[in-house]
Structure formats: C-alpha cells, structure tokens
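K.L.:
Return atomic coordinates for the entry below.
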Amino acid sequence: MLSVTGLSKAFGGVHAIQELSLEVRRGAVHSIIGPNGAGKTSLINMLSGVYRPDRGSIRLAGRELCGEPVHRFAAAGIGRTFQNLQVFFNMTALENVMTGRHLRERCSLLSALLRTRALVRAETACRDAARALLRQVGLAGSEDIPADALPYGALKRLEIARALGAQPKLLLLDEPAAGLNATEAREIDGLIKRLAADGTTVILVEHNMRLVMEVSDHVFVLDHGRKLAEGTPAEVGSDRRVIEAYLGMEDTPVAGAATQGAHDARG
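P.N.:
A predicted model of the protein is given here:
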C-alpha cells in the first residue's frame, strides 16, 4: 500500500530522517518504535504531508505524494491522529467526528445557500455515519457532550473516530496510548485490533511496548533517523542491535515486552 524510498529530512544541522526506505503492507498493523529522538514523529509528519521531505519518495497505492500539500495526502486516503491532542474543544463529540466526514462530502456553495434536499440528505447521512464511528470507538452516548467535558482517554478515542470519518486507506496513530492508564490502554489495544480485523491499514507510533508487541504484524525500529531493524515483534524484540539502542541493556521495554508477548501467546 505504501512505499517510502530514500526519505530524508533535516532541521538545520540535525538530520531527523536519513535515507529511510520502508514498505507497508495492506491490511496490517505496522509499528514504528525507537528511542527518544529517533525520528518517529518526524516520519509521521512527512507521511501525512505536515513536513515536506528534503528528498525521497512517498507513494500510496502507486501515487506519488511527496511535495503535495497536506489536504492532498488526506484526500488520497491518509488519516492521522496527533501526539498532542488536536480536538475541537468548542464542539460536541458528534461535531468533531463530522468534521472528518466532510472531507468525503460533496456540497456546492449554491446547494448550501439554498439548503437543497440533496444537502439535507447528505447532512443526515454524515450525522448517522459519525454516530456509528462513535459507537465503533466505544463512545456511544457521548454524541452531544462537549469535547472539553470528556475525560482524556475518551478524547484519544474521539480523535481516532474523527480520523476514521475521512475513510482513510492508511491510518497513522501517533502515540494513541500516551498518558493513559492500563485500562484505557487496553481499550486502545482492542480498538486497533478491531480496525485491523476490518481491513484498515495502520501505522502506529507508540512508546507502550506491550501494546506494540500485542497488536503489531510488523515493526520498524528507528535510531537517529535511520532504520535500525524490522521484522515481526518477536524478531525485533530479540535483535541485539535493538536491545542496545534501548539504553544498551537486555532488561529494556522492548526485550521485556517481547518476552511477555511470547509467554502470553503460549498461554
């Protein structure tokens, strides 16, 4: 689905991403992990058009997107959430999700001014779809609640629902479990698994290694802007280079989570 070739981005003298190439398979969950400063969020920002690469190629289903503005990435089928919440706090939960749906709506200025039947039908369909997405992420009953009245864990799921509203082919999740307690993280875990089961292709950036190891089909490891390793969660968790990149110790979040994941699988 996604092919990245020779991607590079520097900020002054700091090379955030260096000659990075990777392939993302349709319908799978791919995680991007690495130590702090490895370039994970910079990569997500380039894959969504927020940053323009200095050089390289980003192809989604064969279409070159490198250098296109952000809205072209979204229209092509790339949706995302943010490391720091980007929710419309002056809107209800339902209205937040509807903003994502509007990318796929077709409405002319004239029909909006005249409030045509076609426009009314489209708005009704948009509301119904937004309600369904709120149910999908576990927020049924929250439709009319202002976003600023929702707890933090619900806001994380609301942002995912809004991203899904644009019907993305590829969903980028930037630390969806950050700041969540164990129960809330499990809810995100289950949601990602359901999305994958429904055929959504996911790229996940996350520091919660247990979540990564449980939901991922494939893991990319970045270190200083370069791809250090890739493979299944078990392969990456036992890779000596990866273990050394995480503080240079065997008892690291990666090694520990991989061991626990293998134990859970046997159980």
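K.L.:
least trustworthy helix or strand in this structure by mean pLDDT?
P.N.:
Lowest on mean pLDDT, DSSP states H and E among the helices and strands of the chain sits helix 253-266, with a mean of 50.
K.L.:
I'd like the average pLDDT over whichever helix or strand Val202 is part of.
P.N.:
Taking DSSP states H and E as the definition, Val202 sits inside strand 201-205. Strand 201-205 shows a mean pLDDT of 97.
K.L.:
got a list of contacts for that strand?
P.N.:
With contacts defined as C-beta atoms under 8 Å, 6 or more residues apart in numbering, strand 201-205 is touched by 1-2, 24-33, 40-41, 43-44, 47, 83, 169-176, 192, 195-196, 212, 215-216. To be clear about C-beta, it is placed using only N, CA and C from the backbone, and glycine gets the same treatment.
K.L.:
Quick check on the residues you listed: which are buried?
P.N.:
Among the contacts of strand 201-205, the ones that count as buried by 16 or more other C-beta atoms under 10 Å are 1-2, 24, 28-33, 40-41, 43-44, 47, 169-176, 192, 195-196, 212, 215-216.
K.L.:
Look up phi and psi at the closest residue to Ala75 other than its chain neighbours.
P.N.:
Nearest residue to Ala75, sequence neighbours excluded (C-beta to C-beta, 6 or more residues apart in numbering): Leu103, at 6.9 Å. Phi and psi for Leu103, reported as degrees, to the nearest 10, are phi -60, psi -30.
K.L.:
from now on call the first residue 23
P.N.:
Got it, first residue is 23 now, which makes that one Leu125.
K.L.:
List the residues that contact Leu125.
P.N.:
Neighbouring residues of Leu125 by C-beta under 8 Å, 6+ apart: 96-97, 187-188.
K.L.:
same thing with Gly122?
P.N.:
Counting by C-beta under 8 Å, 6+ apart, Gly122 touches 101, 183-188.
K.L.:
Likewise for Ala207?
P.N.:
By C-beta under 8 Å, 6+ apart, Ala207 lies in contact with 199, 230, 233.
K.L.:
Touching, Leu44 and Glu252? I think so.
P.N.:
Yes: with contact defined as C-beta atoms under 8 Å, Leu44 reaches Glu252; the gap is 7.2 Å.
K.L.:
who touches both of the two?
P.N.:
Common contact partners of Leu44 and Glu252 (C-beta under 8 Å, 6+ apart): Phe242.
K.L.:
Please tell me I have it right and Leu177 contacts Ala169.
P.N.:
Yes: if you go by C-beta under 8 Å, Leu177 and Ala169 touch, sitting 6.7 Å apart.
K.L.:
I'd like to know which elements whichever helix or strand comes after the strand holding Val224 is packed against.
P.N.:
Following strand 223-227 in sequence order, the next helix or strand is helix 231-237 (DSSP H and E). Helix 231-237 sits against strand 51-55, helix 204-219, helix 255-259, helix 275-288, with contacts defined as 3 or more C-beta pairs under 8 Å, 6 or more residues apart in numbering; DSSP states H and E.
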